[in-house]
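Participant: sequence first, predicted coordinates after that:
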Amino acid sequence: MIYEGILPQHDYVFGKIMEDKETCKRFIEQTLDIKIRDLVYLEKQKTLDPAIDVKGIRLDVYVEDDQNTVYNIEIQSANRGSLPKRSRYYQSVMDVESLNRGSVYQELQKSFVIFVCSFDPFGKKYMKYTFDNRCQEVSNLSFEDGTTKIFLNTKGKIYNVSKELQDALRYLEKPIIKEDSLQLSKMIEAQFRKAMSDQKWRQDVKAMEIRYQELLQEGRIEGRAEGRTEGRNDREMEIVLGMIEEGASDEMILKYLKISKERLEQIKKNQKVHV
């Protein structure tokens, strides 16, 4: 592999893998235990800007099926403690995107926000956590607003998912195909290898890495101009956390930002980032 430290669980790699319609379709089916006839729209790194003065978002993978249901799949390598509210905001912006001005509320699309985490987001050891809206006073009374949030945990110990999805989540954690590997893992592996053999894609990855270096250098220059180290340190911390958010491994951060391992650990500790 040309770039050391690149794994399928990095967002730019995962998005590339999910560009393949059949792989994305299979992943959603295994996650939700459903059958999808067809995907009619698929876009990675989709940007949604609901209004000029409202925070926009960039979705790793955005998909729509032929039954007017939309799916957002996010790969998450760092736990920065805001996933529940982040998923809430993502779903609300998706609602604004789907409901044109003048449309009635009944036309809101059914939507799923799926976070694939390389950590346990709730500490209960499940491989899958599913959240929808239900009445606290009346058991089994569903709110039926058409929204569901799902968090997958590649490190889960309680296997409440299909064997095929379990196998695929383990593959994302450690990309090794074995004799008994199941279909979804093999599909992800095939797309991963295809991505790594794509020269244009590799150039894009390299461009991203160069941009991070430029941002860091800008931060260092700003720090010197201000005559203090706080400016450089704050900028450096911002870039490191941004790279972690993007799914960069420790090795990639150390290699391309030229910081010490001790400094990286200090930043992660101070910001309570767990990878």
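Facilitator: Received it, and whenever you're ready, just let me know what you need.

Participant: can you tell me what sits against stretch 259-267?
Facilitator: Residues outside stretch 259-267 that contact it (C-beta atoms under 8 Å, 6 or more residues apart in numbering) are 236-237, 240-241, 250, 253-254, 273. All C-beta spots, glycine's among them, are computed from the backbone N, C-alpha and C.

Participant: turn those residues into TSV, including neighbour count, pLDDT and secondary structure.
Facilitator: Listed next are the contacts of stretch 259-267 as TSV, based on neighbours: other C-beta atoms under 10 Å; pLDDT from 0 to 100; DSSP: H, G, I helix; E, B strand; the rest coil:
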residue	neighbour count	pLDDT	secondary structure
E236	20	73	helix
M237	17	79	helix
V240	23	79	helix
L241	16	79	helix
D250	15	74	helix
I253	22	74	helix
L254	16	71	helix
V273	18	45	coil
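
Participant: tell me the one among the residues you listed nearest to A190.
Facilitator: Distances from A190 to the contacts of stretch 259-267, taken as C-beta to C-beta, are shortest for D250 (27.4 Å).

Participant: what's the closest non-adjacent residue to the closest one?
Facilitator: Nearest residue to D250, sequence neighbours excluded (C-beta to C-beta, 6 or more residues apart in numbering): L264, at 6.4 Å.

Participant: and K125, by the same measure?
Facilitator: Nearest to K125 is K157, by C-beta to C-beta, 6+ apart, at 4.3 Å.

Participant: pLDDT at that neighbour, what is it?
Facilitator: As predicted, K157 sits at a pLDDT of 96.

Participant: count residues in the vicinity of it, would you?
Facilitator: Counted by other C-beta atoms under 10 Å, the residues lying close to K157 total 10.

Participant: ditto for the one 5 residues further on
Facilitator: Under the neighbour criterion other C-beta under 10 Å, S162 is assigned a count of 17.
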